[in-house]
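Novice: from the sequence below, what's the structure:
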Amino acid sequence: MAKLRYVRTLAQIKQAQEANPEFLPSTVRSIRCVYETDARIAAALLPKPLELARPEIGVTFSHVAMHVSPERTIEIGSAIVGVAARYDGVEGKYLITMPMTTEQAVIGGRETYGEPKKIAQIAFAKDGARVSASVSRMGATYLSVSGTLGAALGAREFVEHGYCVKASPSCESGRALDGDPLLVRLEWRHKHSGAWQIDGGQLTLGESAFDPVADIPVQRLVRCEYEEGGSQSNGKVLRSIPGDWFVPFLHGRYDDASGIGIEI
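Specialist: From the prediction side, this is the model:
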């Protein structure tokens, strides 16, 4: 009997969904930074109906080990850049960019949740009390952080939310989208076995034509921490939004080197 792996039964699809790495327990080491930026810039980054919570940008660098089974673990590097936003009274981060080291992590997040993921090279290191991380793409290192572990903050548990927009670019000439995009809220449940303040933390935003995070300047580093533990994630669609609300932001998830942007 021949086996055709391009087709599955409904029972096999259900089993695969239950083993989706996005929902599996993970062991995570992260460097989490929050910085203040220009309020006008922070507000301009948000598509409607999101509202600015504070002119703060969150940047997280992570090494993630996803435990697929007792015998199999998938390790990836990831990073998140997002602006503090609010919708319907729930605060979270609107995700501007999410570099990842593997194709599997990029495809699943982009297609399922609309996460703005791209493949990148991510370095994450801990040498004694010294910690550092960096993100590079297309020949440019555009995110980096370093510092020394300081005061222990102890174990902690908390829920964090992220906002993104799930959109389908149109295949028809003259149309930007196939239909109205969907506003999605992610939920990350973090359980940290330990966390530490980072002393002398230095967060650097490097210039990149393809990932222009340097346009969101660091005015003041609010906090910088190192954490170890685990996380689980899920997401839900909140509502559809008019395509015109999101089209001005759509190009940001692709490699647009035009240099065109609005004046703030």
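Novice: tell me the mean pLDDT for the top helix by length along the chain?
Specialist: When the chain is parsed with DSSP state H, its longest helix is helix 103-113. Here helix 103-113 scores 91 as its mean pLDDT.
Novice: could you number the chain from 521 rather than 1 from now on?
Specialist: Will do, 521 is the new start, and the previous item becomes helix 623-633.
Novice: now for the helix or strand just after that helix, which elements pack on it?
Specialist: Where DSSP states H and E defines the elements, the next helix or strand beyond helix 623-633 is strand 637-639. Where contact means 3 or more CB pairs under 8 Å, 6 or more residues apart in numbering; DSSP states H and E, strand 637-639 is packed against strand 610-620, helix 623-633. The way it works is simple: take the backbone N, C-alpha and C, and place the C-beta from them, glycine included.
Novice: is it possible to get TSV of those that adds mean neighbour count and distance to residue 565?
Specialist: Shown next, in TSV, are the helices and strands packed on strand 637-639 (neighbours: other CB atoms under 10 Å; distance: least, CB to CB, whole Å):
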stretch	mean neighbour count	distance to residue 565
strand 610-620	23	6
helix 623-633	17	19
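Novice: and residue 726, which of those is closest to it?
Specialist: strand 610-620 (12.8 Å; CB to CB).
Novice: chain center to the closest one: distance?
Specialist: From the chain centre to the centre of strand 610-620 is a distance of 5 Å (CA atoms, centre = their mean, to the nearest Å).
Novice: may I have the longest helix of the chain exported as CSV, CA atoms only?
Specialist: In CSV, the C-alpha atoms belonging to helix 623-633 read as follows (Å, rounded to 0.1, in the frame of the first residue of the first chain):
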residue,chain,number,x,y,z
GLU,A,623,11.7,28.6,9.1
GLN,A,624,9.3,26.5,11.1
ALA,A,625,8.9,29.2,13.8
VAL,A,626,8.4,31.9,11.1
ILE,A,627,5.8,30.1,9.0
GLY,A,628,3.6,28.9,11.9
GLY,A,629,3.5,32.3,13.6
ARG,A,630,2.9,34.4,10.4
GLU,A,631,0.2,32.2,9.0
THR,A,632,-1.6,31.3,12.2
TYR,A,633,-1.5,34.5,14.1
